[in-house]
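Q: when you get a sec, could you give me coordinates for this:
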Amino acid sequence: MARAPNYNQQRADRDRAKQAKADAKQRERDQRKAEKTMSTEPGDEPAPEPEDEARG
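A: Numbers count the residues shown, from 1 in each chain. Next up is the predicted model:
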């Protein structure tokens, strides 16, 4: 006689797989973001606009 399926275990397996996929995708995003920030040099950023005190 076959055993009944363990739905809670199957659901936990699906949830773990989904979380692992989301974590991998987030790591890739973080890596691309880090590479992008490393490729820009600090001098490339625009200078902040001076504040006008007369606007007060």
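Q: for the helix or strand that contains Gln19, buried residues please.
A: Secondary structure assignment for Gln19, by DSSP states H and E: helix 7-39. For helix 7-39, a neighbour-count test (16 or more other Cβ atoms under 10 Å) marks nothing as buried. C-beta coordinates here come from the backbone N, C-alpha and C atoms, glycine included.
Q: switch to numbering from 44
A: From this message on, residue numbering opens at 44, which makes the last subject helix 50-82.
Q: pLDDT of stretch 81-99, averaged?
A: The pLDDT scores in stretch 81-99 average 66.
Q: one more: stretch 59-67?
A: 98.
Q: which other residues reach it?
A: Where contact means Cβ atoms under 8 Å, 6 or more residues apart in numbering, no residue beyond stretch 59-67 reaches it.
Q: how far off centre is it?
A: 12 Å (Cα atoms, centre = their mean, to the nearest Å).
Q: stretch 51-66 too?
A: 18 Å.
Q: could I have that stretch exported to PDB, CA atoms only?
A: Extracted as PDB, the C-alpha positions of stretch 51-66 are listed here (Å, rounded to 0.1, in the frame of the first residue of the first chain):
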ATOM      1  CA  ASN A  51       3.100  20.100   4.200                       C
ATOM      2  CA  GLN A  52       6.500  18.700   3.300                       C
ATOM      3  CA  GLN A  53       5.800  19.300  -0.400                       C
ATOM      4  CA  ARG A  54       4.800  22.900   0.300                       C
ATOM      5  CA  ALA A  55       7.900  23.500   2.400                       C
ATOM      6  CA  ASP A  56      10.000  22.100  -0.400                       C
ATOM      7  CA  ARG A  57       8.300  24.500  -2.900                       C
ATOM      8  CA  ASP A  58       8.700  27.400  -0.600                       C
ATOM      9  CA  ARG A  59      12.400  26.700  -0.100                       C
ATOM     10  CA  ALA A  60      13.000  26.400  -3.800                       C
ATOM     11  CA  LYS A  61      11.100  29.700  -4.400                       C
ATOM     12  CA  GLN A  62      13.100  31.500  -1.700                       C
ATOM     13  CA  ALA A  63      16.400  30.100  -3.100                       C
ATOM     14  CA  LYS A  64      15.500  31.400  -6.500                       C
ATOM     15  CA  ALA A  65      14.600  34.800  -5.100                       C
ATOM     16  CA  ASP A  66      17.800  35.000  -3.100                       C
END
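Q: much appreciated, bye for now.
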